[in-house]
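Participant: Sequence first, predicted model second:
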Amino acid sequence: MSKIENKRIGTKEIIREISHRMGCRGKDVRELMDHFVDIIVENVTNGKKVQFTHLGVFSLRANKIRIRFRQSSTITRKIENNNGAKQPENDPVNNQQVS
């Protein structure tokens, strides 16, 4: 297994990547993500568990102001199957793999 580098991808990079893949404006992706977070917060605050397929479950811990997150086995499996190998990037314009 290859060594996994300790690098982060931030919100701006995620928004940029989604907008490239979908061919939409970054502003629209940002708005969608803001609404997504708001819906999770509203429902968890009201005592509901929020399950988002392929991501996981968000819920409050009893008597604590902490959100518990249980990741999806789908993501875990995909990461394990990838074995830490770097995935090829796609050219958003031509939708082809870039070396």
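Facilitator: Cool, the structure landed. This is a predicted model, so every value here is computed, not measured.
Participant: and residue 33, what element?
Facilitator: helix 26-45 (DSSP states H and E).
Participant: May I see the buried residues of that helix?
Facilitator: Buried residues in helix 26-45, defined by neighbour count with 16 or more other Cβ atoms under 10 Å: 29-30, 40, 44. The C-beta positions use only the backbone N, C-alpha and C, and glycine is treated the same way.
Participant: Out of these, which is nearest to residue 12?
Facilitator: residue 30 (9.1 Å; Cβ to Cβ).
Participant: tell me the contacts of the closest residue to the closest one other than its chain neighbours?
Facilitator: Among residues not flanking residue 30 along the chain, residue 15 sits closest, at 5.4 Å (Cβ to Cβ, 6 or more residues apart in numbering). By Cβ atoms under 8 Å, 6 or more residues apart in numbering, the contact list for residue 15 reads 26, 29-30, 33.
Participant: So which residues of the chain form strands?
Facilitator: Applying DSSP state E to the chain gives strands spanning 50-52, 56-60, 67-71, 89-91, 96-98.
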